[in-house]
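S.K.: Sequence and predicted structure are below.
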Amino acid sequence: MRKADRQEYYPARERLLNERKRRRKSGILLRDLTLALVRYLLDGLTKEQRLSLQTDEFMNRRYEFRYNTQMGEVEYRERCSFYFRFRPLDKRMQNSILLDAQGEGIAVWDRDVDRYLHSNRVPVYNPLEDFMFHLPNWDHKDRIVELAARVPCDNPHWSMLFHRWFLNMVAHWRGFDKQHANSTSPLLYGAQGTHKSTFCRDLIPPELRSYYTTALISAVSGMRKCI
């Protein structure tokens, strides 16, 4: 290396090393300040507040929860798992959550986990509304009349009435009309074996069929009704 090049190289190298040292010291200082701030904040919290923060962090890091309003139960999904579907939260899983939290040093008890899972920490989930509000945009093709034509009916106004009822039903479901009520509902009437229940079941998308039932015992009359 020529003398002129050495005169330019070494000062530049020295400046680079000094800059790295300065950044390293700044990074260490920032880390120390952050840790000190965290310790200060934790020291200012009560025991219950620290436990609440630890529980929130553990639950959100390990699981996804939702309260299924249609089923009236809490469902869960582990974040680091090959199970992608939500499953009902049973007592066995609730105990496993408790033991895993205690294994990480979090001083929670059964009542703490149960209180968390049945509180507003768990978001509300309505599968029917979730399906309705995530449908694709309408392609401006009317399919309601075509659907009504699949039901044998002697009433010449059936298609028109069903079309009006269907639009009204969806508008109320989505909360567009809060001033009026839909006081009517179509009733399929026919002999047994004429595929009334099958027709209703086929209208439901596969992801919602688990919420469908064909028999409901009326508390008033004791009659079995199709819903």
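M.R.: Yes, it's here.

S.K.: Residues in a beta bridge with residue 78, which ones?
M.R.: residue 63 (DSSP bridges).

S.K.: Might you report the residue contacts of it?
M.R.: Counting by CB atoms under 8 Å, 6 or more residues apart in numbering, residue 78 makes contact with 62, 63, 64. Every C-beta, even on glycine, is put in place using the N, C-alpha and C of the backbone.

S.K.: Endpoint to endpoint, stretch 67-87 covers what distance?
M.R.: Its first and final residues considered, stretch 67-87 spans 11 Å by CA to CA, to the nearest Å.

S.K.: Buried residues in it, which are they?
M.R.: Using 16 or more other CB atoms under 10 Å as the test for burial, stretch 67-87 gives 67, 68, 74, 75, 76, 86.

S.K.: which SS class is residue 96?
M.R.: Three-state call for residue 96 (DSSP: H, G, I helix; E, B strand; the rest coil): helix.

S.K.: Over to residue 181?
M.R.: At residue 181, secondary structure determined by three-state DSSP is coil.

S.K.: residue contacts, it?
M.R.: Neighbours of residue 181 in contact, by CB under 8 Å, 6+ apart: residue 172.

S.K.: and it, how far is that from residue 90?
M.R.: Between residue 181 and residue 90 the computed distance is 39 Å (CB to CB, to the nearest Å).

S.K.: export the buried residues of stretch 67-87 to CSV and tack on secondary structure and pLDDT?
M.R.: Below are these laid out as CSV (DSSP: H, G, I helix; E, B strand; the rest coil; pLDDT from 0 to 100):
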residue, secondary structure, pLDDT
67, strand, 97
68, strand, 95
74, strand, 96
75, strand, 96
76, strand, 95
86, coil, 92
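
S.K.: Kindly indicate which of those residues lies nearest residue 145.
M.R.: Residue 145 lies nearest to residue 68 out of the buried residues of stretch 67-87, by CB to CB, at 34.1 Å.

S.K.: List the contacts of the closest one.
M.R.: By CB under 8 Å, 6+ apart, the neighbours of residue 68 are 74, 75, 86, 125, 126, 127.

S.K.: Which strand or helix spans residue 57?
M.R.: helix 47-62 (DSSP states H and E).

S.K.: hey, C-alpha coordinates of stretch 205-212 in CSV?
M.R.: Output of stretch 205-212 as CSV, limited to C-alpha atoms (Å, rounded to 0.1, in the frame of the first residue of the first chain):
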residue,chain,number,x,y,z
PRO,A,205,-73.0,-23.0,3.6
PRO,A,206,-70.9,-25.9,4.9
GLU,A,207,-69.1,-23.8,7.5
LEU,A,208,-72.5,-23.0,9.2
ARG,A,209,-74.2,-26.4,9.0
SER,A,210,-73.1,-27.4,12.5
TYR,A,211,-75.5,-24.7,13.8
TYR,A,212,-78.5,-26.1,12.0
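
S.K.: Do a quick rundown of the strands in the protein.
M.R.: Assigned by DSSP state E, the strands in the chain fall at 63-68, 73-78, 87-88, 124-125, 216-217, 224-225.
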